[in-house]
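Enquirer: Quick one, fold the following:
(4 chains)
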There are 2 protein chains.
Amino acid sequence: MLEQISASKSEILDAAALCFMTLGANAASIDDIAASLGSTKGRIYHHFPSKGALLAAVQLRAARFTYEAVHEVIDDSLAPEICLRRMARAHVLEVLRSLPYHKVILQTFTGARGKTPSKAAEQGLLAQVRAEQRQYTELFATQVSRGMAQGTFAGRTLRITVAGLMLTLNSPVFWYQPGRGNEESFRNTVADDLADMALASLRA
Amino acid sequence: MLEQISASKSEILDAAALCFMTLGANAASIDDIAASLGSTKGRIYHHFPSKGALLAAVQLRAARFTYEAVHEVIDDSLAPEICLRRMARAHVLEVLRSLPYHKVILQTFTGARGKTPSKAAEQGLLAQVRAEQRQYTELFATQVSRGMAQGTFAGRTLRITVAGLMLTLNSPVFWYQPGRGNEESFRNTVADDLADMALASLRA
DNA sequence: GGAAAAACATACTCAGTAGTCTGTTTTGGA
DNA sequence: TCCAAAACAGACTACTGAGTATGTTTTTCC
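Expert: Take a look at the predicted model:
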(Lines give C-alpha, C1' and ligand atoms only; values in the text may rest on other atoms or scores of the structure.)
Protein backbone atom coordinates (compact mmCIF):
# COMPACT_ATOMS: atom_id res chain seq x y z
CA MET A 1 0.00 0.00 0.00
CA LEU A 2 2.25 2.77 1.20
CA GLU A 3 5.42 1.96 -0.69
CA GLN A 4 8.45 3.35 1.08
CA ILE A 5 9.84 6.39 -0.70
CA SER A 6 13.48 7.34 -0.46
CA ALA A 7 14.55 10.65 1.03
CA SER A 8 15.68 11.97 -2.34
CA LYS A 9 12.44 10.98 -3.98
CA SER A 10 10.49 12.67 -1.23
CA GLU A 11 12.54 15.81 -1.64
CA ILE A 12 11.79 15.83 -5.34
CA LEU A 13 8.09 15.44 -4.67
CA ASP A 14 8.12 18.40 -2.32
CA ALA A 15 9.89 20.57 -4.86
CA ALA A 16 7.59 19.40 -7.62
CA ALA A 17 4.51 20.17 -5.57
CA LEU A 18 5.84 23.64 -4.89
CA CYS A 19 6.62 24.33 -8.53
CA PHE A 20 3.33 22.92 -9.74
CA MET A 21 1.58 25.09 -7.21
CA THR A 22 3.29 28.36 -8.04
CA LEU A 23 3.67 27.97 -11.79
CA GLY A 24 0.82 25.64 -12.58
CA ALA A 25 1.15 21.95 -13.30
CA ASN A 26 1.40 22.50 -17.01
CA ALA A 27 3.60 25.55 -17.07
CA ALA A 28 6.15 24.22 -14.62
CA SER A 29 8.90 22.46 -16.52
CA ILE A 30 11.08 19.63 -15.30
CA ASP A 31 13.98 22.01 -15.53
CA ASP A 32 12.21 24.41 -13.21
CA ILE A 33 11.77 21.72 -10.60
CA ALA A 34 15.35 20.59 -10.99
CA ALA A 35 16.61 24.14 -10.68
CA SER A 36 14.63 24.67 -7.50
CA LEU A 37 16.45 21.64 -6.15
CA GLY A 38 19.83 22.90 -7.26
CA SER A 39 20.02 19.90 -9.56
CA THR A 40 19.36 19.02 -13.17
CA LYS A 41 16.90 16.94 -15.15
CA GLY A 42 18.94 13.82 -14.74
CA ARG A 43 18.10 13.47 -11.11
CA ILE A 44 14.38 13.66 -11.67
CA TYR A 45 14.27 11.36 -14.66
CA HIS A 46 16.29 8.87 -12.68
CA HIS A 47 13.50 8.54 -10.16
CA PHE A 48 10.44 9.19 -12.30
CA PRO A 49 9.86 7.91 -15.83
CA SER A 50 7.99 10.98 -17.03
CA LYS A 51 6.48 14.26 -15.99
CA GLY A 52 3.06 12.71 -15.93
CA ALA A 53 4.25 10.06 -13.51
CA LEU A 54 5.74 12.72 -11.30
CA LEU A 55 2.52 14.66 -11.32
CA ALA A 56 0.55 11.54 -10.50
CA ALA A 57 2.91 10.78 -7.64
CA VAL A 58 2.28 14.21 -6.18
CA GLN A 59 -1.45 13.74 -6.44
CA LEU A 60 -1.26 10.32 -4.88
CA ARG A 61 0.68 11.64 -1.96
CA ALA A 62 -1.83 14.42 -1.45
CA ALA A 63 -4.66 11.95 -1.27
CA ARG A 64 -2.76 9.80 1.20
CA PHE A 65 -1.83 12.70 3.43
CA THR A 66 -5.46 13.56 4.06
CA TYR A 67 -6.50 9.93 4.17
CA GLU A 68 -4.06 9.18 6.94
CA ALA A 69 -4.94 12.28 8.92
CA VAL A 70 -8.68 11.73 8.70
CA HIS A 71 -8.74 7.97 8.96
CA GLU A 72 -7.29 7.96 12.44
CA VAL A 73 -9.94 10.25 13.92
CA ILE A 74 -12.88 8.24 12.60
CA ASP A 75 -14.93 6.55 15.27
CA ASP A 76 -18.12 4.95 14.03
CA SER A 77 -19.43 4.56 17.54
CA LEU A 78 -19.90 8.32 17.66
CA ALA A 79 -22.91 10.14 16.30
CA PRO A 80 -22.38 10.95 12.62
CA GLU A 81 -22.42 14.68 13.22
CA ILE A 82 -19.77 14.42 15.93
CA CYS A 83 -17.62 12.09 13.91
CA LEU A 84 -17.96 14.19 10.79
CA ARG A 85 -16.92 17.31 12.59
CA ARG A 86 -13.73 15.68 13.78
CA MET A 87 -13.06 14.50 10.26
CA ALA A 88 -13.69 17.96 8.84
CA ARG A 89 -11.30 19.58 11.28
CA ALA A 90 -8.61 17.00 10.64
CA HIS A 91 -9.02 17.40 6.89
CA VAL A 92 -8.71 21.16 6.90
CA LEU A 93 -5.69 21.15 9.18
CA GLU A 94 -3.93 18.59 7.03
CA VAL A 95 -4.70 20.54 3.88
CA LEU A 96 -3.18 23.64 5.44
CA ARG A 97 -0.12 21.66 6.47
CA SER A 98 0.61 20.08 3.08
CA LEU A 99 -0.87 22.89 1.04
CA PRO A 100 1.19 22.65 -2.15
CA TYR A 101 0.16 19.08 -2.72
CA HIS A 102 -3.50 19.90 -2.49
CA LYS A 103 -3.23 22.89 -4.75
CA VAL A 104 -1.93 20.55 -7.38
CA ILE A 105 -4.92 18.30 -6.89
CA LEU A 106 -7.22 21.18 -7.58
CA GLN A 107 -5.40 22.13 -10.74
CA THR A 108 -5.77 18.68 -12.21
CA PHE A 109 -9.28 18.18 -10.97
CA THR A 110 -11.08 20.45 -13.37
CA GLY A 111 -11.76 17.71 -15.86
CA ALA A 112 -9.05 18.86 -18.24
CA ARG A 113 -7.59 15.69 -19.62
CA GLY A 114 -4.76 17.42 -21.38
CA LYS A 115 -4.34 16.24 -24.94
CA THR A 116 -1.65 13.63 -24.58
CA PRO A 117 -3.22 10.16 -24.46
CA SER A 118 -0.43 9.68 -21.93
CA LYS A 119 1.10 6.27 -22.44
CA ALA A 120 -1.10 3.62 -20.87
CA ALA A 121 1.27 3.50 -17.89
CA GLU A 122 0.28 6.97 -16.76
CA GLN A 123 -3.28 6.15 -17.61
CA GLY A 124 -3.06 3.49 -14.95
CA LEU A 125 -1.52 5.83 -12.42
CA LEU A 126 -4.22 8.37 -13.02
CA ALA A 127 -6.84 5.71 -12.52
CA GLN A 128 -5.22 4.79 -9.24
CA VAL A 129 -5.25 8.42 -8.15
CA ARG A 130 -8.93 8.71 -8.95
CA ALA A 131 -9.61 5.47 -7.12
CA GLU A 132 -7.89 6.58 -3.94
CA GLN A 133 -9.57 9.97 -4.11
CA ARG A 134 -12.94 8.32 -4.52
CA GLN A 135 -12.14 6.00 -1.67
CA TYR A 136 -11.28 8.99 0.48
CA THR A 137 -14.45 10.93 -0.18
CA GLU A 138 -16.27 7.71 0.54
CA LEU A 139 -15.20 8.12 4.16
CA PHE A 140 -17.21 11.31 4.30
CA ALA A 141 -20.07 9.99 2.20
CA THR A 142 -20.53 7.15 4.66
CA GLN A 143 -20.99 9.49 7.60
CA VAL A 144 -23.25 11.83 5.65
CA SER A 145 -25.35 8.87 4.60
CA ARG A 146 -25.61 7.69 8.19
CA GLY A 147 -26.69 11.14 9.29
CA MET A 148 -29.32 11.36 6.58
CA ALA A 149 -30.68 7.95 7.48
CA GLN A 150 -31.23 8.86 11.09
CA GLY A 151 -32.63 12.28 10.22
CA THR A 152 -29.87 14.40 11.70
CA PHE A 153 -28.97 15.65 8.25
CA ALA A 154 -31.33 16.96 5.61
CA GLY A 155 -32.28 14.42 2.98
CA ARG A 156 -30.68 15.71 -0.19
CA THR A 157 -29.02 14.17 -3.20
CA LEU A 158 -26.02 12.39 -1.71
CA ARG A 159 -23.58 13.01 -4.54
CA ILE A 160 -24.33 16.69 -4.73
CA THR A 161 -24.20 17.07 -0.98
CA VAL A 162 -20.88 15.35 -0.56
CA ALA A 163 -19.34 17.21 -3.49
CA GLY A 164 -20.37 20.51 -2.00
CA LEU A 165 -19.12 19.43 1.40
CA MET A 166 -15.66 18.50 0.15
CA LEU A 167 -15.41 21.75 -1.76
CA THR A 168 -16.14 23.74 1.36
CA LEU A 169 -13.47 21.86 3.27
CA ASN A 170 -11.02 22.41 0.45
CA SER A 171 -11.74 26.07 0.01
CA PRO A 172 -8.55 27.26 1.77
CA VAL A 173 -6.67 25.85 -1.15
CA PHE A 174 -7.87 28.83 -3.11
CA TRP A 175 -6.89 31.61 -0.82
CA TYR A 176 -4.74 30.47 2.09
CA GLN A 177 -1.19 31.79 2.07
CA PRO A 178 1.18 30.50 4.73
CA GLY A 179 3.61 32.77 6.48
CA ARG A 180 1.44 35.73 7.43
CA GLY A 181 2.21 35.44 11.10
CA ASN A 182 -0.37 34.09 13.59
CA GLU A 183 -0.02 30.68 12.00
CA GLU A 184 -1.13 28.28 14.69
CA SER A 185 -4.14 30.18 15.94
CA PHE A 186 -5.29 31.26 12.51
CA ARG A 187 -5.15 27.71 11.22
CA ASN A 188 -7.38 26.62 14.04
CA THR A 189 -9.81 29.40 13.33
CA VAL A 190 -10.01 28.37 9.70
CA ALA A 191 -10.48 24.74 10.60
CA ASP A 192 -13.18 25.51 13.13
CA ASP A 193 -15.05 27.94 10.92
CA LEU A 194 -15.06 25.62 7.96
CA ALA A 195 -16.00 22.59 10.03
CA ASP A 196 -18.87 24.57 11.48
CA MET A 197 -20.03 25.70 8.08
CA ALA A 198 -19.75 22.23 6.65
CA LEU A 199 -21.76 20.70 9.45
CA ALA A 200 -24.33 23.46 9.39
CA SER A 201 -24.85 22.98 5.68
CA LEU A 202 -25.92 19.39 6.34
CA ARG A 203 -28.30 19.77 9.23
CA ALA A 204 -31.98 19.22 8.65
CA MET B 1 -18.74 48.75 -19.56
CA LEU B 2 -20.14 45.97 -21.64
CA GLU B 3 -18.41 46.59 -24.94
CA GLN B 4 -20.34 45.18 -27.82
CA ILE B 5 -18.73 42.05 -29.19
CA SER B 6 -19.16 41.01 -32.79
CA ALA B 7 -20.77 37.70 -33.66
CA SER B 8 -17.48 36.27 -34.91
CA LYS B 9 -15.68 37.33 -31.79
CA SER B 10 -18.35 35.75 -29.66
CA GLU B 11 -18.12 32.53 -31.64
CA ILE B 12 -14.39 32.46 -31.06
CA LEU B 13 -14.87 32.97 -27.34
CA ASP B 14 -17.30 30.05 -27.17
CA ALA B 15 -14.89 27.78 -28.99
CA ALA B 16 -12.00 28.94 -26.86
CA ALA B 17 -13.91 28.31 -23.66
CA LEU B 18 -14.73 24.81 -24.84
CA CYS B 19 -11.15 24.00 -25.76
CA PHE B 20 -9.75 25.51 -22.59
CA MET B 21 -12.21 23.44 -20.65
CA THR B 22 -11.54 20.10 -22.28
CA LEU B 23 -7.81 20.41 -22.85
CA GLY B 24 -6.83 22.81 -20.12
CA ALA B 25 -6.06 26.48 -20.62
CA ASN B 26 -2.37 25.82 -21.04
CA ALA B 27 -2.48 22.70 -23.16
CA ALA B 28 -5.03 24.01 -25.62
CA SER B 29 -3.25 25.66 -28.51
CA ILE B 30 -4.51 28.45 -30.69
CA ASP B 31 -4.48 25.98 -33.55
CA ASP B 32 -6.77 23.68 -31.59
CA ILE B 33 -9.28 26.44 -31.11
CA ALA B 34 -9.04 27.49 -34.74
CA ALA B 35 -9.51 23.91 -35.88
CA SER B 36 -12.59 23.48 -33.73
CA LEU B 37 -13.96 26.49 -35.56
CA GLY B 38 -13.04 25.14 -38.96
CA SER B 39 -10.71 28.09 -39.34
CA THR B 40 -7.05 28.90 -38.91
CA LYS B 41 -4.89 30.98 -36.61
CA GLY B 42 -5.32 34.05 -38.74
CA ARG B 43 -8.90 34.53 -37.71
CA ILE B 44 -8.15 34.42 -34.01
CA TYR B 45 -5.10 36.64 -34.12
CA HIS B 46 -7.10 39.13 -36.13
CA HIS B 47 -9.50 39.58 -33.23
CA PHE B 48 -7.23 38.97 -30.26
CA PRO B 49 -3.65 40.19 -29.88
CA SER B 50 -2.44 37.16 -27.95
CA LYS B 51 -3.47 33.94 -26.32
CA GLY B 52 -3.33 35.57 -22.93
CA ALA B 53 -5.74 38.25 -24.08
CA LEU B 54 -8.09 35.60 -25.39
CA LEU B 55 -7.97 33.75 -22.11
CA ALA B 56 -8.62 36.93 -20.20
CA ALA B 57 -11.57 37.71 -22.46
CA VAL B 58 -13.07 34.32 -21.65
CA GLN B 59 -12.63 34.90 -17.94
CA LEU B 60 -14.12 38.35 -18.18
CA ARG B 61 -17.14 37.03 -19.96
CA ALA B 62 -17.62 34.33 -17.35
CA ALA B 63 -17.65 36.90 -14.59
CA ARG B 64 -20.12 39.03 -16.46
CA PHE B 65 -22.45 36.16 -17.21
CA THR B 66 -22.97 35.44 -13.55
CA TYR B 67 -22.95 39.09 -12.62
CA GLU B 68 -25.80 39.84 -14.99
CA ALA B 69 -27.81 36.82 -13.94
CA VAL B 70 -27.44 37.49 -10.23
CA HIS B 71 -27.62 41.24 -10.30
CA GLU B 72 -31.15 41.31 -11.63
CA VAL B 73 -32.58 39.14 -8.85
CA ILE B 74 -31.09 41.19 -6.04
CA ASP B 75 -33.65 43.03 -3.96
CA ASP B 76 -32.28 44.70 -0.87
CA SER B 77 -35.73 45.22 0.54
CA LEU B 78 -35.95 41.48 1.14
CA ALA B 79 -34.53 39.72 4.16
CA PRO B 80 -30.89 38.80 3.54
CA GLU B 81 -31.58 35.09 3.72
CA ILE B 82 -34.36 35.33 1.15
CA CYS B 83 -32.36 37.55 -1.14
CA LEU B 84 -29.29 35.39 -0.82
CA ARG B 85 -31.18 32.28 -1.70
CA ARG B 86 -32.44 33.82 -4.92
CA MET B 87 -28.93 34.90 -5.73
CA ALA B 88 -27.58 31.42 -5.03
CA ARG B 89 -30.12 29.79 -7.29
CA ALA B 90 -29.51 32.25 -10.07
CA HIS B 91 -25.77 31.78 -9.77
CA VAL B 92 -25.88 28.01 -9.96
CA LEU B 93 -28.26 27.97 -12.90
CA GLU B 94 -26.11 30.43 -14.80
CA VAL B 95 -22.97 28.43 -14.08
CA LEU B 96 -24.66 25.31 -15.44
CA ARG B 97 -25.74 27.21 -18.52
CA SER B 98 -22.37 28.70 -19.42
CA LEU B 99 -20.33 25.88 -17.93
CA PRO B 100 -17.22 26.00 -20.13
CA TYR B 101 -16.52 29.59 -19.24
CA HIS B 102 -16.63 28.88 -15.54
CA LYS B 103 -14.46 25.82 -15.80
CA VAL B 104 -11.83 28.06 -17.29
CA ILE B 105 -12.15 30.41 -14.34
CA LEU B 106 -11.45 27.60 -11.97
CA GLN B 107 -8.37 26.53 -13.89
CA THR B 108 -6.84 29.95 -13.62
CA PHE B 109 -7.99 30.60 -10.10
CA THR B 110 -5.63 28.31 -8.25
CA GLY B 111 -3.05 30.97 -7.68
CA ALA B 112 -0.78 29.69 -10.43
CA ARG B 113 0.64 32.78 -12.05
CA GLY B 114 2.18 30.90 -14.90
CA LYS B 115 5.73 31.96 -15.62
CA THR B 116 5.32 34.41 -18.44
CA PRO B 117 5.50 37.97 -17.11
CA SER B 118 2.85 38.46 -19.79
CA LYS B 119 3.38 41.83 -21.44
CA ALA B 120 2.01 44.57 -19.25
CA ALA B 121 -1.07 44.74 -21.47
CA GLU B 122 -2.25 41.33 -20.33
CA GLN B 123 -1.22 42.23 -16.82
CA GLY B 124 -3.82 44.95 -17.01
CA LEU B 125 -6.47 42.64 -18.37
CA LEU B 126 -5.83 40.15 -15.61
CA ALA B 127 -6.15 42.92 -13.05
CA GLN B 128 -9.48 43.87 -14.57
CA VAL B 129 -10.65 40.28 -14.38
CA ARG B 130 -9.72 40.07 -10.72
CA ALA B 131 -11.44 43.36 -10.08
CA GLU B 132 -14.72 42.29 -11.64
CA GLN B 133 -14.58 38.95 -9.86
CA ARG B 134 -14.00 40.69 -6.56
CA GLN B 135 -16.82 43.05 -7.33
CA TYR B 136 -19.08 40.10 -8.02
CA THR B 137 -18.36 38.23 -4.79
CA GLU B 138 -18.94 41.53 -3.06
CA LEU B 139 -22.59 41.19 -4.00
CA PHE B 140 -22.75 38.06 -1.89
CA ALA B 141 -20.52 39.42 0.86
CA THR B 142 -22.89 42.33 1.30
CA GLN B 143 -25.87 40.10 1.94
CA VAL B 144 -23.91 37.79 4.22
CA SER B 145 -22.73 40.78 6.18
CA ARG B 146 -26.27 42.05 6.51
CA GLY B 147 -27.42 38.67 7.75
CA MET B 148 -24.64 38.48 10.29
CA ALA B 149 -25.40 41.95 11.56
CA GLN B 150 -29.02 41.16 12.26
CA GLY B 151 -28.18 37.77 13.76
CA THR B 152 -29.81 35.61 11.12
CA PHE B 153 -26.43 34.23 10.14
CA ALA B 154 -23.74 32.92 12.45
CA GLY B 155 -21.01 35.42 13.25
CA ARG B 156 -17.92 33.99 11.58
CA THR B 157 -14.93 35.40 9.77
CA LEU B 158 -16.48 37.11 6.77
CA ARG B 159 -13.76 36.34 4.26
CA ILE B 160 -13.65 32.67 5.12
CA THR B 161 -17.41 32.40 5.13
CA VAL B 162 -17.89 34.01 1.76
CA ALA B 163 -15.08 32.02 0.20
CA GLY B 164 -16.62 28.79 1.40
CA LEU B 165 -20.00 29.93 0.21
CA MET B 166 -18.84 30.71 -3.32
CA LEU B 167 -17.03 27.42 -3.51
CA THR B 168 -20.17 25.53 -2.61
CA LEU B 169 -22.11 27.36 -5.29
CA ASN B 170 -19.39 26.68 -7.82
CA SER B 171 -19.01 23.01 -6.98
CA PRO B 172 -20.90 21.78 -10.07
CA VAL B 173 -18.01 23.07 -12.10
CA PHE B 174 -16.07 20.09 -10.86
CA TRP B 175 -18.47 17.31 -11.68
CA TYR B 176 -21.41 18.47 -13.78
CA GLN B 177 -21.52 17.04 -17.26
CA PRO B 178 -24.24 18.29 -19.60
CA GLY B 179 -26.11 16.00 -21.89
CA ARG B 180 -27.03 13.12 -19.61
CA GLY B 181 -30.72 13.47 -20.23
CA ASN B 182 -33.07 14.97 -17.59
CA GLU B 183 -31.45 18.34 -18.15
CA GLU B 184 -34.06 20.81 -17.04
CA SER B 185 -35.26 19.05 -13.93
CA PHE B 186 -31.82 17.95 -12.85
CA ARG B 187 -30.46 21.44 -13.13
CA ASN B 188 -33.18 22.68 -10.87
CA THR B 189 -32.46 19.96 -8.37
CA VAL B 190 -28.81 20.93 -8.32
CA ALA B 191 -29.61 24.60 -7.95
CA ASP B 192 -32.07 23.97 -5.15
CA ASP B 193 -29.87 21.55 -3.25
CA LEU B 194 -26.85 23.79 -3.41
CA ALA B 195 -28.80 26.90 -2.54
CA ASP B 196 -30.22 25.07 0.46
CA MET B 197 -26.81 23.88 1.55
CA ALA B 198 -25.30 27.31 1.11
CA LEU B 199 -27.99 28.97 3.15
CA ALA B 200 -27.94 26.31 5.82
CA SER B 201 -24.19 26.71 6.20
CA LEU B 202 -24.71 30.35 7.16
CA ARG B 203 -27.52 30.13 9.64
CA ALA B 204 -26.80 30.78 13.30
C1' DG C 1 40.04 -2.00 -1.65
C1' DG C 2 37.48 -2.95 -5.68
C1' DA C 3 33.56 -3.90 -8.62
C1' DA C 4 28.86 -3.18 -9.46
C1' DA C 5 24.98 -0.57 -9.07
C1' DA C 6 22.73 3.47 -7.83
C1' DA C 7 22.56 8.50 -8.21
C1' DC C 8 23.24 11.97 -10.49
C1' DA C 9 25.21 15.66 -14.53
C1' DT C 10 25.54 17.29 -19.39
C1' DA C 11 24.71 17.68 -23.98
C1' DC C 12 21.95 16.61 -27.27
C1' DT C 13 17.22 15.60 -30.24
C1' DC C 14 12.80 16.69 -31.74
C1' DA C 15 7.96 17.73 -31.60
C1' DG C 16 4.74 21.24 -30.62
C1' DT C 17 3.35 26.02 -30.40
C1' DA C 18 2.99 31.31 -29.91
C1' DG C 19 3.40 34.82 -32.77
C1' DT C 20 4.52 37.10 -37.51
C1' DC C 21 4.22 38.23 -42.25
C1' DT C 22 2.33 38.24 -46.48
C1' DG C 23 -1.28 37.06 -49.46
C1' DT C 24 -6.43 36.46 -50.63
C1' DT C 25 -11.26 36.96 -50.09
C1' DT C 26 -15.23 39.32 -48.44
C1' DT C 27 -17.90 43.19 -47.05
C1' DG C 28 -19.74 47.90 -46.65
C1' DG C 29 -20.29 52.21 -48.17
C1' DA C 30 -19.80 56.26 -51.77
C1' DT D 1 -19.51 49.75 -59.77
C1' DC D 2 -15.46 50.33 -57.38
C1' DC D 3 -12.38 50.63 -53.60
C1' DA D 4 -10.87 50.52 -49.04
C1' DA D 5 -10.85 48.27 -44.97
C1' DA D 6 -12.06 44.44 -42.52
C1' DA D 7 -11.85 39.44 -42.13
C1' DC D 8 -9.70 35.86 -42.83
C1' DA D 9 -5.98 31.84 -44.92
C1' DG D 10 -1.42 29.79 -45.26
C1' DA D 11 3.37 29.49 -44.87
C1' DC D 12 7.27 30.63 -42.04
C1' DT D 13 10.18 31.69 -37.78
C1' DA D 14 11.96 31.18 -33.28
C1' DC D 15 11.75 29.13 -29.10
C1' DT D 16 10.47 26.19 -25.35
C1' DG D 17 10.39 22.03 -23.08
C1' DA D 18 9.90 16.74 -22.71
C1' DG D 19 12.52 13.01 -23.24
C1' DT D 20 17.05 10.44 -24.37
C1' DA D 21 21.68 8.88 -24.42
C1' DT D 22 25.86 8.88 -22.55
C1' DG D 23 29.17 10.27 -19.38
C1' DT D 24 30.75 10.95 -14.32
C1' DT D 25 30.52 10.56 -9.48
C1' DT D 26 29.15 8.46 -5.30
C1' DT D 27 27.43 4.48 -2.45
C1' DT D 28 27.15 -0.06 -1.20
C1' DC D 29 28.52 -4.37 -0.17
C1' DC D 30 31.45 -8.29 -0.47
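
Enquirer: who touches the closest residue to residue A:8 other than its chain neighbours in this structure?
Expert: Closest residue to residue A:8 apart from its sequence neighbours, by CB to CB, 6 or more residues apart in numbering or on different chains: residue A:47 at 6.9 Å. C-betas here are computed from N, CA, C, even on glycine. Listed by CB atoms under 8 Å, 6 or more residues apart in numbering or on different chains, the contact set of residue A:47 reads A:6, A:8-9, A:12.

Enquirer: among the residues you listed, who's most crowded?
Expert: Of all those, the highest neighbour tally under other CB atoms under 10 Å in any protein chain shown goes to residue A:12, namely 24 neighbours.

Enquirer: So it versus residue A:52, what's the distance?
Expert: From residue A:12 across to residue A:52, the span is 15 Å (CB to CB, to the nearest Å).

Enquirer: Equivalent analysis for residue A:46, please.
Expert: Counting by CB to CB - residue A:46 and residue A:52 are separated by 16 Å.

Enquirer: List the contacts of the spatially closest residue to residue A:165 that is not a sequence neighbour.
Expert: Once flanking residues are discounted, residue A:165 sits nearest to residue A:198: 5.6 Å by CB to CB, 6+ apart. Neighbour list for residue A:198: A:84, A:88, A:165, A:168-169, B:201 [criterion: CB under 8 Å, 6+ apart].

Enquirer: what does residue A:69 give?
Expert: A:90-91, A:93-94.

Enquirer: please redo it, this time with the cut-off set to 10 Å
Expert: Residue A:69 makes contact with A:87, A:89-95, A:97-98 under the criterion CB atoms under 10 Å, 6 or more residues apart in numbering or on different chains.

Enquirer: Write the ChimeraX selection for whichever of those residues are buried.
Expert: The ChimeraX command for the buried members of the contacts of residue A:69 (criterion: 16 or more other CB atoms under 10 Å in any protein chain shown) is given here:
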select /A:87,89,90,91,92,93,94,95,98
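
Enquirer: avg pLDDT for the helix or strand harbouring the residue nearest to residue A:165?
Expert: Applying DSSP states H and E as the criterion places residue A:198 in helix A:183-202. For helix A:183-202, mean pLDDT rounds to 91.

Enquirer: do the same with stretch A:46-64
Expert: Rounded mean pLDDT across stretch A:46-64 is 95.

Enquirer: Repeat that for stretch A:139-149.
Expert: Rounded mean pLDDT across stretch A:139-149 is 96.

Enquirer: That one: how far from the chain's middle?
Expert: A distance of 20 Å separates the C-alpha centroid of stretch A:139-149 from that of its chain, computed with CA atoms, centre = their mean, to the nearest Å.

Enquirer: right, and residue A:124 touches residue A:56 too?
Expert: Yes: with contact defined as CB atoms under 10 Å, residue A:124 and residue A:56 form a contacting pair (9.1 Å).
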